[in-house]
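> Any chance you can model this:
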Amino acid sequence: MAFRLNVFSLGRHPIVVRIRQGLRESEAALIALAAIVGLAAGVLTNMQSLLAHGLQQVLYGVTVNRLSALGSIHHPWRLVALPIGGAALALITIAFRQRDRVPIDVVEANALHGGRIPLRDSLMISCQTILSNGCGASVGLEAAYAQIGGGIASLFGQGLRLRRADLRTLVGAGAGAAVGAAFGAPLTGAFYAFEIVIGAYSPAAIAPVAAAALAATFVTRTLGVPPYLIASAAERSATTVDYLLYAGLGIACAVFGIIVMRLVTQSERVVRRLPIAEPWRPVVGGLLLIPIALVSPQSLSAGHGALHLDLVLHLSVGFLAAVLFLKLAASVVSLSFGFRGGLFFASLFMGALFGQLYAELINAAGIGVTLNVNDAALVGMAALSVSIIGGPMTLSLLILETTHDFSLTAVVITAALVASAFTRERFGYSFSTWRLHVRGSAVRSPRDIGWMHRLTARSLMRLDPVVLPQSTTIAEFRLRVPLGSTSRAIVVDDAGRYCGMVFTAAAFADAVDVQAPLSSLAVQQSCSVAPTDDIAALMRLFDDAGADDIAVVDAAGQVLGVVTEKYVRRRYLGESEAELRRLFGE
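So this is what the prediction gives:
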């Protein structure tokens, strides 16, 4: 708390005030800030990678090779690192525990909170992911990279009190820069920021995002860390049939990706029903991972080494299927039992296996068509990752930057776009937004919907509605509410609870019995909104009910006010236009 207060008190310092004014008035200043964030993200990303791989060296004795590239676990007792790591993870979780909420990740921060990420959340996610990956659980570090990159960007932006749009851009730039630094791929990092964290290609954000990605990649190269490269065939000629077959691979990967996401969720639900305290579930998960790792070490960690190994070796269909099954099982166990991390690289690895299987089956089908197994692996990497992670251009450019193979790019983009479209149509979520949906969030993408949640019925309602008891006669209503004074009145019972709405014009109609109670004209008896309902819910209700005015009622049924369709739609359109202006820098 003290650190947080110091950061925000710093925002009132005269020098910081001048910097903030410069950032508001000058695009060049924001670009410079994004480059600084990129440098910080590059350093932090490489530190996290070093820590995780250092843990693997200590726990498993690996030196040159990656953990997942081991042919076998020569000392099976080393696998006790999995439950021990789970126990350490439990202690960290208990130490960082916040009873009121779960940590905010970069996607949720940009979608709901205007890019605001508590530093505590970023540190917690980073520590948990490093430990999970370092002890061998089947999770990747990319989630930690993006979180710490976006987190440091959010810290800078909040300290300088940036505008909401600028803070969201800076958070996306920081997260993308971290991913770009991890692979030595600046284009991948930039498009990760646009597609997965910011949610739109914005001309106003291009330069800051690019500056951050280039700066982070510069750090990686300066530190002498080699970029992630994959050998690829140098020459090929893709025919129309090849494009169709790879489009089919994109659909198959999308189906498999949806299965993976649903399987993780179902497994988490099963685990929650087990009589195991939540912080200690990783210990049980670590024990379950031991037999999987004994069968194949390729199921351990993210799978960087295994992916390279399997692309070089010509493996049988049976072996590919077995490793794919084991990697899927290890990933599901790791995530459902509480190890922290993501499926970014695991989806790349499983996609490569899936693509090789697809090519082998096509080649064995005897239909007169032959697919290059390595090409299919690379296409499968992109297609499955797009289905699970999202971002078709992000993953397509990752294949380009890691293979330097331009001739394959068109085929990869084709399969990635097909997989993306199929997943959106049939499922509608990426893995990160799906998990937010399961938690009850309305987030479907990183597009900024936080402003809609701020515009609630309470903030949009009129506080001066005419409220009358239901026993009031229509004659009394005409005396108390002259024609033209208001368009409607609220009817309540003896306890003051909402009973409906009466329109003034209806009460002054010629054929009305003026001695009848006001309740006889009441409409919309069951149509009301809670004060916490957001503007999107209000607009849906206006459409469904065909009403111009709706009462705002609290949990006890007491009338708080009334919202009108005309005003709500005007506010919605005004905020939407403002968001478009922010996106396009006008």
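
> Strands of the stretch 401-550 of the chain, start to end?
466-469, 488-492, 498-503, 528-529, 549-553 (DSSP state E, counting those that start in this stretch).

> Can you give the contact residues for the fourth one?
Counting by CB atoms under 8 Å, 6 or more residues apart in numbering, the neighbours of strand 528-529 from elsewhere in the structure are 457, 498, 537-538, 541, 550-553, 563. Where you see a C-beta, it was placed from the backbone N, CA and C, and this is true even at glycine.

> average model confidence for it?
Averaging pLDDT along strand 528-529 gives 86.

> repeat for stretch 134-141
Averaged over stretch 134-141, pLDDT sits at 92.

> coming back round to it: so which of the strands of the stretch 401-550 of the chain gets nearest residue 227?
strand 528-529 (53.7 Å; CB to CB).

> so where's the stretch 151-300 of the chain shaky on pLDDT?
For the stretch 151-300 of the chain, the stretches with pLDDT under 70 are 233-236.

> Then the chain?
The chain contains residues with pLDDT under 70 at 1-25, 64-65, 97-101, 233-236, 437-454, 571-586.

> so what's the closest residue to residue 187 other than its chain neighbours up against?
Using CB to CB, 6 or more residues apart in numbering and skipping residues adjacent in sequence, the residue nearest residue 187 is residue 397, 4.5 Å away. If a contact means CB under 8 Å, 6+ apart, then residue 397 has 185, 187-188, 191 as its contacts.

> Can you check the residues you listed and name whichever has the most neighbours?
residue 188 (28 neighbours; other CB atoms under 10 Å).

> host element of it?
Assigning secondary structure by DSSP states H and E places residue 188 in helix 186-192.

> For that helix, give me every contacting residue.
So helix 186-192 is contacted by 146, 175-181, 183, 209-210, 212-214, 216-217, 391, 393-394, 397-398, 400-401 (CB under 8 Å, 6+ apart).

> what about 6 Å?
Outside helix 186-192, the residues that touch it by CB atoms under 6 Å, 6 or more residues apart in numbering are 176-177, 179-180, 209-210, 213-214, 217, 393-394, 397-398, 401.

> Widest-spaced pair of the contacts of residue 397?
Every pair of the contacts of residue 397 checked by CB to CB; the farthest is 185 and 191, at 9.7 Å.

> for the stretch 351-500 of the chain, what spans make up the helices?
Along the stretch 351-500 of the chain, counting by DSSP state H, counting those that start in this stretch, helices occupy 373-389, 392-403, 406-426, 431-438, 450-454, 457-460, 474-480.

> Now do the second one: distance to the chain's middle.
From the chain centre to the centre of helix 392-403 is a distance of 20 Å (CA atoms, centre = their mean, to the nearest Å).

> Need phi/psi at the closest residue to residue 473 other than its chain neighbours.
Nearest non-adjacent residue to residue 473, counting by CB to CB, 6+ apart: residue 515, 5.7 Å away. Dihedral pair for residue 515: phi -90, psi -10, per degrees, to the nearest 10.

> what's the neighbour count on residue 515?
9.

> cool, and residue 389?
Neighbour number of residue 389 under other CB under 10 Å is 24.

> Now do it against residue 422, distance only.
As judged by CB to CB, to the nearest Å, residue 389 and residue 422 stand 15 Å apart.

> next one: residue 566
For residue 566, the distance to residue 422 (CB to CB) stands at 40 Å.

> again, but for residue 89
Distance, residue 89 to residue 422, using CB to CB: 35 Å.

> coming back round to it: and the contacts of strand 528-529, which two are the farthest apart?
By the measure CB to CB, 498 and 537 form the most distant pair in the contacts of strand 528-529, at 17.6 Å.

> the more surrounded of those two?
residue 498 (25 against 16).

> Identify the residues contacting the more buried one.
The neighbours of residue 498, taking CB under 6 Å, 6+ apart as the test, are 528, 551, 553, 557, 559.

> any residues touching the helix or strand where residue 177 lies, and which ones?
Using DSSP H and E, residue 177 sits within helix 164-183. Residues external to helix 164-183 that are found in contact with it (CB under 6 Å, 6+ apart): 34, 37-38, 41-42, 45, 106, 110, 114-115, 145-146, 149-150, 152-154, 157, 186, 188-190, 192-193, 197-198, 205, 208-209, 212-213, 216-217, 220, 228, 582.

> The next helix-or-strand element following the helix holding residue 188 vs helix 392-403, what angle?
Later in the chain than helix 186-192, the nearest helix or strand by DSSP H and E is helix 203-222. In terms of direction (axes from the mean of the first three to the mean of the last three CA atoms, to 10 degrees), helix 203-222 departs from helix 392-403 by 30 degrees.

> list the buried ones in helix 203-222?
Neighbour-count burial for helix 203-222, counted by 16 or more other CB atoms under 10 Å, picks out 204-205, 207-220.

> Among the residues you listed, find me the one that's closest to residue 502.
The shortest gap between residue 502 and any of the buried residues of helix 203-222 belongs to residue 204, at 49.7 Å (CB to CB).

> dump the residue contacts of residue 502.
Taking CB under 6 Å, 6+ apart, we find residue 502 in contact with 489, 491, 518, 521-522.

> Switch these over to CSV; also include neighbour count and distance to residue 247.
Formatted as CSV, the contacts of residue 502 follow (neighbours: other CB atoms under 10 Å; distance: CB to CB, whole Å):
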residue, neighbour count, distance to residue 247
489, 24, 61
491, 28, 60
518, 22, 64
521, 19, 61
522, 19, 58
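
> now, which of these sits nearest residue 322?
When the contacts of residue 502 are compared against residue 322 (criterion: CB to CB), the nearest one is residue 522, at 68.3 Å.

> so what's the backbone phi/psi at that closest one?
Per degrees, to the nearest 10, the backbone of residue 522 is at phi -70, psi 140.
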